[in-house]
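In: Have a look at this prediction, sequence included:
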Amino acid sequence: MSKDLVKKVFDKETTRREFLKLTGKGIAGFAVTSSILSMFGFGEEAMAATALPEGLLVVDRSKCTGCQRCEITCTLQNDGKIQPFISRIKVSENYNFGTSGPKMNYQYEDGQMGNLKMAPVTCKQCREPFCANACPKNAIIADPNTGARVVVKDKCVGCGTCAEACPWSLPTIDPETNKATKCVTCGACVKACPTKALSIISWEDISKAHFFSKR
């Protein structure tokens, strides 16, 4: 294998761009093959939920108990208080009926009232961010170090346009500060999960797994 090929295969930014192109929609929510996920110890219930600048945030729903410690840790880390409503990772609002809400056949759907499968979700870090494009104050920008879209508190006026523009309604307005909150990819939720239901797989590791799975 040539040095140029090795560099390309293991290059984090190249790998991330290639995976984002595969979505076809330009967003960072897509599936990774079960064979690759199995290499990292994930079972059939695993799903790759979000592409972060440093890798994929993978949710293993077979391990998530809905304890909401990720939400507690998120707000303690970023806001200095426990307030799940403004958490950047959402579990409690999907606790009973999953992400799609109540349905007639709810007993067969996600959530505590159905099949007991939890559905943690967080910012997709879209290539073309709906929230940032809609913000009238240009208060959502790409962090120069991580590439994650973050809220500039001094510019945010709490109008809620970002939350309305987001297809998943993930940005949240803090009623105490009147500022928007959204994921900054700090990884606090992953570290706090007691069942290891949340994991971040680096782009280098995904690249290696993908390369060797094709050999």
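Out: Structure received.

In: does Q77 sit in a helix, a strand or a coil?
Out: helix (DSSP: H, G, I helix; E, B strand; the rest coil).

In: Next one, pLDDT for it please.
Out: For Q77, the pLDDT comes out at 95.

In: Count the neighbours of the residue nearest to it when sequence neighbours are not counted for me.
Out: With sequence-adjacent residues excluded and distances taken as CB to CB, 6 or more residues apart in numbering, Q77 is closest to A188, at 4.1 Å. In short, each C-beta sits where N, CA and C put it, glycine included. Neighbourhood size, A188 [other CB atoms under 10 Å]: 19.

In: One more: the one 5 residues further on?
Out: Residue crowding around C193 was assessed by other CB under 10 Å; the count is 22.

In: hang on, isn't it packed against R69?
Out: Yes - using CB atoms under 8 Å, C193 is in contact with R69, at 6.7 Å.

In: where do the strands sit along the protein?
Out: Secondary structure of the chain (DSSP state E): strands at 46-52, 55-60, 89-90, 121-122, 140-142, 149-151, 172-174, 179-181, 198-202.

In: what about these, which gets the closest to N78?
Out: strand 179-181 (7.1 Å; CB to CB).

In: and the closest one, what does it pack onto?
Out: Counting contacts by 3 or more CB pairs under 8 Å, 6 or more residues apart in numbering; DSSP states H and E, strand 179-181 packs against strand 149-151, strand 172-174.

In: Sheet-wise, list the partners of the last one with their directions.
Out: Listed by DSSP bridges, the sheet partners of strand 172-174 and their directions read strand 179-181 (antiparallel).

In: what's the strand it pairs with in contact with?
Out: 78-79, 86-88, 139-140, 151, 153, 156, 158, 160, 162-163, 171-174 (CB atoms under 8 Å, 6 or more residues apart in numbering).
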